[in-house]
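J.: only geometry, no sequence info:
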């Protein structure tokens, strides 16, 4: 992504805060690129010194999964507008098992002509697979993480000409002219699940990101050399701004240790996105605002289509930083939440009073009860809550940079959280749950008349209060305007009431 601000001079862009002027089209950056930069066959593609054709790219991804079946599997999570595959490698010590461990994602080439990241990620995947059992640092991340690598997220843009056999015609947009990194739901404007009017590739990526809820991720671009951290859409700082600057600085400093002239823009290689210039509909803000993730944008080369004889140089500059950033997924606060009586895992909200906002809280998974909260060194109070359970507050949780603070949390059922229909309270069915824009209420043993409906947060704040007419048929309740999260739904009818948990996606 060439993050540039236009000036009123036709055909030119000025890179903010840098002494660099480049044509809008970026053609100067690809002038030296020709068919000699493309690999002749799979063997040459696997040297990572040439760019793969589309058929070779498919072969490489299948090669990884086929040759390392115990730690690698290949997932097709969608197709492009022209039917090309959207692929991701899952690398983990038990890739076929859903383990309680943080999930990490590297993704590249959302802009189809920004391609150094594509080759770097293919080589990085091979390094993890080939180094497992040999390199202790590789073992640590492969054993401790569920790693996902998506080297090519805009295949139609990358292979826009020559039937996928060359990248000379690579273009930024998808085949329909959509900038995929301006196509995601916007914080404060759209709903997290709003796919209306979006490109096929965007919808597939949204579904992929939502399904895996990555703890940490990065999106690789070209057009500049800098680590970009949130927010992109606003100058308001993220509540974890100090952590983002910390991990961004770690990436840039490691790369600059190899080449002091590399990533020399801004504050020696890092920038807040909006301070550079604002964009709307970017993936970085979508992940950070809607999905409880932590994502940065890596701009890895000024040249979009880097000449192939420079690929080795950029690998040397970046591969240590790529590994270090991934390792950050293992630090901070992590733990499990379960029922104190049954030990069953619980889906719970982990909140840091005085620090967190709606977008920065994390939740434990319902399957394993595990949660992960990257955060900067310090002491934090944690409030853990789940519908139907008493809150638990853990004061002064100590966090040290580059270390893990592990917690085991057990919540006690709240005897006041609901009335059992067999003991005098009305029965109530609510569906769907989790809900999106609307939920249906189906009371039992309640006389027709008015239903008093209240939705409150787990902190006790009333978010909705309505009187609805109940005629014996299910009642529809509009949830538009309520943020995704966990709530308590209180329904009173015929002088009886019940409170049930409600999840809004």
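T.: Structure received. Remember, it's a predicted structure, so these values are computed and weren't measured experimentally. Residues are numbered from 1 along each chain as shown.
J.: what ranges do the helices span in the protein?
T.: Ranges of helices within the chain are 27-30, 42-45, 54-67, 116-131, 136-144, 155-158, 200-212, 241-258, 273-276, 283-290, 311-327, based on DSSP state H.
J.: what about residue 41, neighbour count?
T.: Per other Cβ atoms under 10 Å, the neighbour tally for residue 41 reads 12. Heads up, the C-betas are built off the backbone N, CA and C, glycines and all.
J.: Then residue 326?
T.: Neighbours around residue 326, by other Cβ under 10 Å: 22.
J.: In contact with it: list those residues for me.
T.: Neighbouring residues of residue 326 by Cβ atoms under 8 Å, 6 or more residues apart in numbering: 104, 106, 141, 145, 147, 216.
J.: try it again with 10 Å
T.: Contacts for residue 326 were tallied using Cβ atoms under 10 Å, 6 or more residues apart in numbering; they are 104-106, 124, 128, 140-141, 144-145, 147, 216-218.
J.: Neighbours of residue 395, how many?
T.: When neighbours are counted by other Cβ under 10 Å, residue 395 registers 9.
J.: And for it, nearest residue in space, chain neighbours not counted?
T.: Excluding its sequence neighbours, the residue lying closest to residue 395 (Cβ to Cβ, 6 or more residues apart in numbering) is residue 381, at 4.9 Å.
J.: about what we covered before: now flag whichever of the contacts of residue 326 is closest to residue 318.
T.: residue 124 (8.7 Å; Cβ to Cβ).
J.: just to revisit the earlier point, now the helices of the chain in JSON lines, with mean pLDDT and distance to residue 470?
T.: Shown next, in JSON lines, are those (pLDDT from 0 to 100; distance: least, Cβ to Cβ, whole Å):
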{"stretch": "helix 27-30", "mean pLDDT": "42", "distance to residue 470": "65"}
{"stretch": "helix 42-45", "mean pLDDT": "98", "distance to residue 470": "65"}
{"stretch": "helix 54-67", "mean pLDDT": "98", "distance to residue 470": "54"}
{"stretch": "helix 116-131", "mean pLDDT": "98", "distance to residue 470": "55"}
{"stretch": "helix 136-144", "mean pLDDT": "97", "distance to residue 470": "52"}
{"stretch": "helix 155-158", "mean pLDDT": "98", "distance to residue 470": "52"}
{"stretch": "helix 200-212", "mean pLDDT": "97", "distance to residue 470": "34"}
{"stretch": "helix 241-258", "mean pLDDT": "98", "distance to residue 470": "48"}
{"stretch": "helix 273-276", "mean pLDDT": "96", "distance to residue 470": "48"}
{"stretch": "helix 283-290", "mean pLDDT": "97", "distance to residue 470": "34"}
{"stretch": "helix 311-327", "mean pLDDT": "98", "distance to residue 470": "53"}
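J.: Is it possible to get JSON lines of these that adds distance to residue 171?
T.: Below are the helices of the chain laid out as JSON lines (distance: least, Cβ to Cβ, whole Å):
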{"stretch": "helix 27-30", "distance to residue 171": "11"}
{"stretch": "helix 42-45", "distance to residue 171": "22"}
{"stretch": "helix 54-67", "distance to residue 171": "14"}
{"stretch": "helix 116-131", "distance to residue 171": "15"}
{"stretch": "helix 136-144", "distance to residue 171": "34"}
{"stretch": "helix 155-158", "distance to residue 171": "5"}
{"stretch": "helix 200-212", "distance to residue 171": "13"}
{"stretch": "helix 241-258", "distance to residue 171": "28"}
{"stretch": "helix 273-276", "distance to residue 171": "23"}
{"stretch": "helix 283-290", "distance to residue 171": "18"}
{"stretch": "helix 311-327", "distance to residue 171": "21"}
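J.: from those, which stretch is densest packed?
T.: The highest average neighbour count among these, using mean count of other Cβ atoms under 10 Å, belongs to helix 155-158 at a mean of 27.
J.: Does it pack against any helices or strands, and if so which?
T.: Judged by 3 or more Cβ pairs under 10 Å, 6 or more residues apart in numbering; DSSP states H and E, the packing partners of helix 155-158 are helix 54-67, strand 85-91, helix 200-212.
J.: Who does residue 370 form a beta bridge with?
T.: Beta-bridge pairing for residue 370 (DSSP bridges): residue 336.
J.: thinking again about what came up before, can you pull the pLDDT of the residue nearest to residue 395?
T.: The per-residue pLDDT reported for residue 381 equals 96.
J.: Relative to its centre, which residue of this structure is most distant?
T.: residue 447 (46.8 Å; Cα atoms, centre = their mean).
J.: how near is that residue to residue 465?
T.: Per Cβ to Cβ, to the nearest Å, residue 447 is found 21 Å from residue 465.
J.: same deal with residue 281?
T.: Residue 281 is 34 Å from residue 465, by Cβ to Cβ.
J.: the more surrounded of the two?
T.: Taking neighbours as other Cβ under 10 Å, residue 281 and residue 465 compare with residue 281 leading, 21 against 11.
J.: That one against residue 199, yeah?
T.: No. Using Cβ atoms under 10 Å as the test, residue 281 is too far from residue 199 to be in contact (11.0 Å).
J.: Residue 208 - nearest residue in space that isn't next to it in sequence?
T.: residue 77 (4.3 Å).
J.: try residue 204
T.: Of all residues not flanking residue 204 in the chain, residue 78 sits nearest, at 2.5 Å (Cβ to Cβ, 6+ apart).
J.: What score does the one you found have for pLDDT?
T.: pLDDT recorded at residue 78 is 97.
J.: beta partners for it?
T.: Beta-bridge partners recorded for residue 78 (DSSP bridges): residue 86.
J.: sorry, back to before: list the residues that contact both of residue 281 and residue 199?
T.: Residues touching both residue 281 and residue 199 by Cβ under 10 Å, 6+ apart: 179, 180, 183.
J.: show me what contacts the residue nearest to residue 395?
T.: Contacts for residue 381 were tallied using Cβ under 10 Å, 6+ apart; they are 351, 352, 353, 354, 355, 393, 394, 395, 396, 397.
J.: Compare those and tell me which is most surrounded.
T.: residue 351 (23 neighbours).
J.: Give me the nearest residue to that residue, chain neighbours excluded.
T.: Counting by Cβ to Cβ, 6+ apart, the residue nearest residue 351 is residue 383, at 4.7 Å.
J.: you'd agree that neighbour is up against residue 411?
T.: No. At 11.3 Å, residue 383 and residue 411 do not qualify as touching, with contact defined as Cβ under 10 Å.
J.: Spit out the residues that contact those two alike.
T.: Joint contacts of residue 383 and residue 411 (Cβ under 10 Å, 6+ apart) are 348, 391, 392.
J.: In a markdown table, list the residues you listed along with neighbour count.
T.: Formatted as a markdown table, the shared contacts of residue 383 and residue 411 follow (neighbours: other Cβ atoms under 10 Å):
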| residue | neighbour count |
| --- | --- |
| 348 | 28 |
| 391 | 16 |
| 392 | 17 |
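J.: Next, find the distance separating residue 314 from residue 64.
T.: Counting by Cβ to Cβ, the gap from residue 314 to residue 64 is 21 Å.
J.: number of nearby residues for the residue nearest to residue 351?
T.: Per other Cβ under 10 Å, the neighbour tally for residue 383 reads 19.
J.: residues in contact with it?
T.: Going by Cβ under 10 Å, 6+ apart, residue 383 touches 348-353, 356, 361, 391-395, 458-459.
J.: Am I right that residue 36 is in contact with residue 167?
T.: No. Residue 36 lies out of contact with residue 167 (Cβ under 10 Å); the separation is 11.9 Å.
J.: ok so, going back, among the contacts of residue 383, which are in strands?
T.: Residues of the contacts of residue 383 located in strands (DSSP state E): 349, 350, 351, 392, 393, 394, 395.
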